[in-house]
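Engineer: what's the 3D shape of this:
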Amino acid sequence: MTEPGGSRGGASRGSGVSRGSGVSRGSGVSRGSGASRGSGVSRGSGGSGTGTPGGVTPGVAPGVAPGVAPGVAPGVALVTGAARGIGAATVAALTADGWRVLAVDRCVGDPALPYPLGTRAELDRVAAGAGPGVIAVEADTRDPDALAAAVVRAEHEWGGLDAAVAVAGVIAGGAPAWEVPAEQERAVLDVDLGGVLNLARVAVPALLRRPEPRHGRFLAVASAAATRGLPMLAAYCAAKAGVAGFVRALAVELRGTGITANAVSPGSTATPILDESARLYGLPSAASFAAQQPLDRLLEPREVAAVLAFLAGDGASGMTGSVVPVDGGLAL
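Structural biologist: Numbers count the residues shown, from 1 in each chain. Got it, this is the predicted structure:
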């Protein structure tokens, strides 16, 4: 989701990476069990409505927030990696625009990764903070069946799905590619790329189940790492490049359906993934990455989420196959 940015000099292990290594993503994936109705689920404060199947007019959400632009009103979205970071900020941004959101996260650590992932308590706080219109669900993005159950939950509660936003991600590395433990490399590829493909596999058919004219959105978070060679983060770079390529191909495959596919490419963003990136590079803190961005500061998750919310809305109706930099100028 973002690139782990290091200092320009040395690519040696544990100290200063090459320019641009800013990574950051919402919490790691989503837990396999608990996506089915009645288990592992909580609602935002005040509940989130209990619409019956087919009871929601496509693209029309009751209680749309004041100030929403005229056109196609926001509807129902599913966001992965929702417990923290960019995922949590995306839930907040979408609900502020009137969307109803199924907030999905794994909510459990991964023994292959040496840092903590998002928790159930964090996911519940996100749902409560976003207010009515949010349901929190545990599901692992590596488990297509769990994601499929989450999609069914959204359709059951609100009558359909209008946007799927793949934010879940993890990071590992800190050594040359051939020395990174296989289980860590697999976790990065399976979550950061495989999780996006899995979400598309179960969410695109749901988007297509909306009657024409459709206004569906499939969105994903790539990274500035998709186009940069970051030493000691080879698997992360490969996964993010894969996300960008997948979104472009998906956009072409969705031609004429009324559904668009786009991605954002964040720079160094203040999230737990960037904190872990700093540790991998032996830097004192994530703040060390700020100097490589012309903005001369780290991005905030809400700044990336604001672009995702725009891409989900009617204002982005003319965009598909785009990978939008939200990188503070890192790629310049």
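Engineer: okay, now Thr269: neighbour count?
Structural biologist: Close neighbours of Thr269, defined as other CB atoms under 10 Å, add up to 35. For every residue, glycine as well, the C-beta is placed using N, CA and C.
Engineer: where in this structure is pLDDT low?
Structural biologist: Where the chain drops to pLDDT under 70, the residues are 1-74.
Engineer: for it, what's the longest helix?
Structural biologist: helix 234-253 (DSSP state H).
Engineer: for that one, packing partners?
Structural biologist: helix 182-188, helix 195-209, strand 217-221, strand 260-266, strand 323-326 (3 or more CB pairs under 8 Å, 6 or more residues apart in numbering; DSSP states H and E).
Engineer: do that again at 7 Å, thanks
Structural biologist: Packing partners of helix 234-253 (3 or more CB pairs under 7 Å, 6 or more residues apart in numbering; DSSP states H and E): helix 182-188, helix 195-209, strand 217-221, strand 260-266.
Engineer: is it possible to export the ones you listed to CSV including mean neighbour count and distance to Ala130?
Structural biologist: Shown next, in CSV, are those (neighbours: other CB atoms under 10 Å; distance: least, CB to CB, whole Å):
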stretch, mean neighbour count, distance to Ala130
helix 182-188, 18, 28
helix 195-209, 21, 20
strand 217-221, 29, 18
strand 260-266, 28, 20
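Engineer: among these, which comes closest to Arg297?
Structural biologist: Counting by CB to CB, Arg297 lies closest to strand 260-266 out of the helices and strands packed on helix 234-253; the figure is 13.6 Å.
Engineer: now do the buried residues in the helix or strand hosting Arg153.
Structural biologist: In this structure, Arg153 sits in helix 144-158 according to DSSP states H and E. By 16 or more other CB atoms under 10 Å, the buried positions in helix 144-158 come out as 144, 146-155, 157-158.
Engineer: save those as TSV, and put in distance to Leu219 too.
Structural biologist: Shown next, in TSV, are the buried residues of helix 144-158 (distance: CB to CB, whole Å):
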residue	distance to Leu219
Pro144	19
Ala146	20
Leu147	15
Ala148	19
Ala149	21
Ala150	16
Val151	15
Val152	20
Arg153	19
Ala154	15
Glu155	19
Glu157	20
Trp158	18
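Engineer: and which of the residues you listed is nearest Glu122?
Structural biologist: Closest to Glu122, out of all of those and judged by CB to CB, is Ala150, at 17.6 Å.
Engineer: against Gly195, how distant is that closest one?
Structural biologist: In this view, Ala150 and Gly195 are 12 Å apart by CB to CB, to the nearest Å.
Engineer: next, count neighbours for Ala287.
Structural biologist: Residues lying near Ala287 (other CB under 10 Å) number 14.
Engineer: what's around the nearest residue to Glu185 once chain neighbours are set aside, how many residues?
Structural biologist: Residue nearest to Glu185 in three dimensions, not counting chain neighbours: Ala235, with 4.5 Å by CB to CB, 6 or more residues apart in numbering. Using other CB under 10 Å as the criterion, Ala235 is surrounded by 21 other residues.
Engineer: hmm, Ala235 is touching Leu189, no?
Structural biologist: Yes. With contact defined as CB atoms under 7 Å, Ala235 counts as touching Leu189 (5.8 Å).
Engineer: list the contacts of Ala286.
Structural biologist: Residues near Ala286 by CB atoms under 7 Å, 6 or more residues apart in numbering: Ala270, Leu274, Asp275, Ala278, Leu298.
Engineer: double-check the last one against Ser268; I have them as touching.
Structural biologist: Yes. Checked against CB under 7 Å, the pair Leu298 and Ser268 is within contact range at 5.4 Å.
Engineer: between these two, which is the more surrounded one?
Structural biologist: Ser268 (35 against 24).
Engineer: roughly how far apart are that one and Val326?
Structural biologist: Ser268 sits 11 Å away from Val326, going by CB to CB.
Engineer: okay, and the common contacts of those two?
Structural biologist: By CB under 7 Å, 6+ apart, the residues touching both Ser268 and Val326 are Leu299.
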